[in-house]
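> Any chance you can model this:
(2 chains)
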Amino acid sequence: MGRVLTSDVAKHAGQEVNLRGWLHKKRLIGGINFILLRDRGGLVQVVVQDEAELEKLRSLQVGTVLSISGKAVEEPRAPGGAEVHNPKITVDVAVNEEPPIEIDKPLSHEPEHLDTLFDNRVIGLRNLREQAIFKIQAEVEEATSRYLKSQDFVQFNSPKLLPGATEGGAEVFKLDYFGKEATLAQSAQFYKQILVGVYERVFEINPTYRAEPSATTRHMTEFITIDMEMGFVTLTELLDLLSNSVNAVVDDVWQKCEAELKAWDAKKPVLSAQFPALTMAEIHKKYTEATGEDTTNELDLIPKEERWICQYAAKELGSEAVYVTEWPVADAKFYHKLYDDRPHLAERFDLLLRGVEIATGSMREHRYDKLVAQLKEKIGASPDDPGFKYFLQAFKYGMPPHGGFGMGLERLTEKIIGLANVKEATLFPRDINRLAP
RNA sequence: GGGGCUGUGGAGCAGCGGAGUGCUCGUCUCCCUGUCACGGAGAAGGUCGCGGGUUCAAAUCCCGUCAGCCCCGCCA
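Below is the predicted model of the structure:
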């Protein structure tokens, strides 16, 4: 007789079933005792009345691996409406050590408890509510892939070990590479653009590394980026595609992860079909008028402004997601395309969701001569530098107008669920202070 | 990197100059036949982050140091 999952016990009511899993909780009442068994399907209650069977579990801790055979029974008094009676218990792997944290009840996500949460991540992830986060994240990733593929995008994987110089801006990790210096990729930027010259529409979902000494609720040194790039498009078309992607992902997740979202009391984001777009200047003006705090000289949005404009968009524009467009050239990267008629502004945008920047994108300068000029002017780099040489080759031999974005998978998951810190939506977070587990 | 706050048994907290570091959860033993954060009785478990100083007396006040959290800068 094969193995039955805890989630299928109800379907086998009246039959003998074999279960395998972990001891999740013991509730010893006396003559009747309840133990919860956990497997990949979830939890099921096993009723133990035979003292000899119960004795096998004496002093064994949560986490003990068990095989249990017994009779599946429909029982309205049981959690989930079914349970297992008259179990024969086999202890496969005995656990005698008391676990460092209790996993049968919700783990605290209070900021001051996150260190404990991550120190004990290996065990804490066995908590059903913690697992739910990463089931949702897996579905976000899956839904993103599915949507982009439906729009003719080709998935790729770019190298994360790169030669010294890169796009500039953020700090990079340096490492020894057989006596030479290498860096960890701070984005797939150059590779995805290069691949527009091959496939027109491409994306990857892979790790990204930033050596920023940031200590915030939004930053990590390693995170997963959904990087996409598409050719023969305008900024408007790019924004539409991103709106469509996020809508598709949210709809999909709400359809497939109902139980997991409920565990976090997640509220489905209110999103318009195409997200509203406000220019940087408009937002500064509105914020300054509304709060009296003058931000009109800022290049970027300050975090308070990001939160404020999201509330404004939710209330006035019917969308919890909002684009910020028309960025000052002073804050632009060398590969960003400037507006031809207004060269003080870049065709760049951020996507804000529920107060946090979840994606950044732009149209790219696709004309070789202009791109080389911007490279020299913006970061003083040589087109012959090994970090830029191959990137520029693509342009030398023909690149169409194109643009793309990078979206943080963990930030997207965080905001979909309604968590407060990006690390809560990261399996094993890496930040300035944490490199393990 | 700058500013603020916090470190007390395995987890979460209280005590904030004076008697024996107290509580909740967990762990162990015993009782309990429908629990579901079960309940009841008992027990074990702490150099109060670390170092120095002030004081008759320091978990408590001061200085340093280490660790963590939040905000800012930067970004996904």
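> isn't A:A10 right up against A:E74?
Yes. At 6.5 Å, A:A10 counts as touching A:E74 under the criterion of Cβ atoms under 8 Å. C-beta coordinates here come from the backbone N, C-alpha and C atoms, glycine included.
> Quick check on these two: which one has the bigger neighbour count.
A:A10 (17 against 13; other Cβ atoms under 10 Å).
> Skipping adjacent residues, who's closest to the more buried one in space?
The shortest distance from A:A10 to any non-neighbouring residue, by Cβ to Cβ, 6 or more residues apart in numbering, is to A:A82 (3.8 Å).
> Backbone dihedrals for that neighbour, please?
phi -150, psi 160 (degrees, to the nearest 10).
> Identify the contacts common to A:A10 and A:E74.
A:G81, A:A82 (Cβ atoms under 8 Å, 6 or more residues apart in numbering).
> need the residues of the stretch 101-250 of chain A near RNA strand B, please.
Within the stretch 101-250 of chain A, the residues that sit near RNA strand B (Cβ under 7 Å from any atom of the strand) are A:101-102, A:104-105, A:108, A:110-116, A:169-170, A:187, A:210, A:212-221, A:223, A:225.
> Now which of the residues you listed would you call buried?
A:I101, A:D104, A:L114, A:S187, A:R210, A:E212, A:R218, A:H219, A:M220, A:T221, A:F223, A:T225 (16 or more other Cβ atoms under 10 Å).
> Which pair of the residues you listed spans the longest distance?
A:D104 and A:S187 (40.9 Å; Cβ to Cβ).
> and stretch A:339-359, does that touch RNA strand B?
Yes. Using Cβ under 7 Å from any atom of the strand, stretch A:339-359 reaches RNA strand B at A:D350, A:E357, A:I358, A:A359.
> contacting residues around the residue nearest to A:A10?
Counting by Cβ under 8 Å, 6+ apart, A:A82 makes contact with A:V9, A:A10, A:A13, A:V44, A:A72, A:V73, A:E74, A:E75.
> Buried residues of whatever helix or strand A:A52 lives in, list them for me.
Element membership of A:A52, judged by DSSP states H and E, is helix A:51-55. Residues of helix A:51-55 classed as buried by neighbour count (16+ other Cβ under 10 Å): A:E53, A:L54.
> about what we covered before: filter the contacts of A:A82 down to the buried ones, PyMOL style.
Selection of the buried residues among the contacts of A:A82 in PyMOL, burial being defined by 16+ other Cβ under 10 Å:
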select buried, chain A and resi 9+10+44+72+73+75
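> In strands only, show me the contacts of A:A82.
A:V44, A:A72, A:V73, A:E74 (DSSP state E).
> Distance to A:A263 and pLDDT added to those residues, as JSON lines?
What follows is these, written out as JSON lines (distance: Cβ to Cβ, whole Å; pLDDT from 0 to 100):
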{"residue": "A:V44", "distance to A:A263": "17", "pLDDT": "96"}
{"residue": "A:A72", "distance to A:A263": "25", "pLDDT": "96"}
{"residue": "A:V73", "distance to A:A263": "26", "pLDDT": "96"}
{"residue": "A:E74", "distance to A:A263": "24", "pLDDT": "95"}
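> ok, back up a step: what subset of the contacts of A:A82 is also close to RNA strand B?
Applying Cβ under 7 Å from any atom of the strand to the contacts of A:A82, those adjacent to RNA strand B are A:E75.
> in the stretch 301-437 of chain A, which spans are strands?
A:321-328, A:345-353, A:356-364, A:402-408 (DSSP state E, counting those that start in this stretch).
> what about the helix or strand hosting A:T288 and RNA strand B, any contact?
Using DSSP H and E, A:T288 maps to helix A:280-291. No. Residues of helix A:280-291 are not located near RNA strand B by Cβ under 7 Å from any atom of the strand, the shortest gap being 12.4 Å.
> thinking again about what came up before, packing partners of the helix holding A:A52?
If contacts are counted by 3 or more Cβ pairs under 8 Å, 6 or more residues apart in numbering; DSSP states H and E, helix A:51-55 sits against strand A:82-93.
> Give the pairing partners of the strand it packs on; include direction for each.
Applying DSSP bridges, strand A:82-93 is found paired with strand A:42-48 (parallel), strand A:65-74 (antiparallel).
> For A:W308, find the nearest of these.
Comparing the strands paired with strand A:82-93 by Cβ to Cβ, strand A:42-48 comes nearest, at 40.7 Å.
> For that closest one, list the C-alpha coordinates in PDB.
Extracted in PDB, the C-alpha atoms of strand A:42-48 (Å, rounded to 0.1, in the frame of the first residue of the first chain):
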ATOM      1  CA  GLY A  42       0.300  20.000   5.400                       C
ATOM      2  CA  LEU A  43      -0.800  18.700   8.800                       C
ATOM      3  CA  VAL A  44      -3.100  15.900   9.900                       C
ATOM      4  CA  GLN A  45      -4.300  14.900  13.400                       C
ATOM      5  CA  VAL A  46      -3.500  11.400  14.600                       C
ATOM      6  CA  VAL A  47      -5.500  10.100  17.600                       C
ATOM      7  CA  VAL A  48      -3.400   7.900  19.800                       C
END
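> what sits up against that strand?
By Cβ under 8 Å, 6+ apart, strand A:42-48 touches A:6-7, A:9, A:19, A:24, A:32-37, A:54, A:57, A:68, A:70, A:78-80, A:82-85, A:87, A:89, A:128.
> need the helices for chain A, in chain order.
Taking DSSP state H as the criterion, chain A carries its helices at A:51-55, A:114-119, A:121-124, A:128-150, A:189-199, A:235-256, A:258-263, A:280-291, A:303-316, A:368-379, A:389-396, A:409-417.
> between these, which one is nearest to A:V270?
Per Cβ to Cβ, nearest to A:V270 of the helices of chain A: helix A:303-316, 6.6 Å.
> residues touching A:K396, list them.
Neighbouring residues of A:K396 by Cβ under 8 Å, 6+ apart: A:Y368.
> picking that back up, and among the strands paired with strand A:82-93, the most buried is which?
Mean neighbour count, computed with mean count of other Cβ atoms under 10 Å, is highest for strand A:42-48 among the strands paired with strand A:82-93, reaching a mean of 22.
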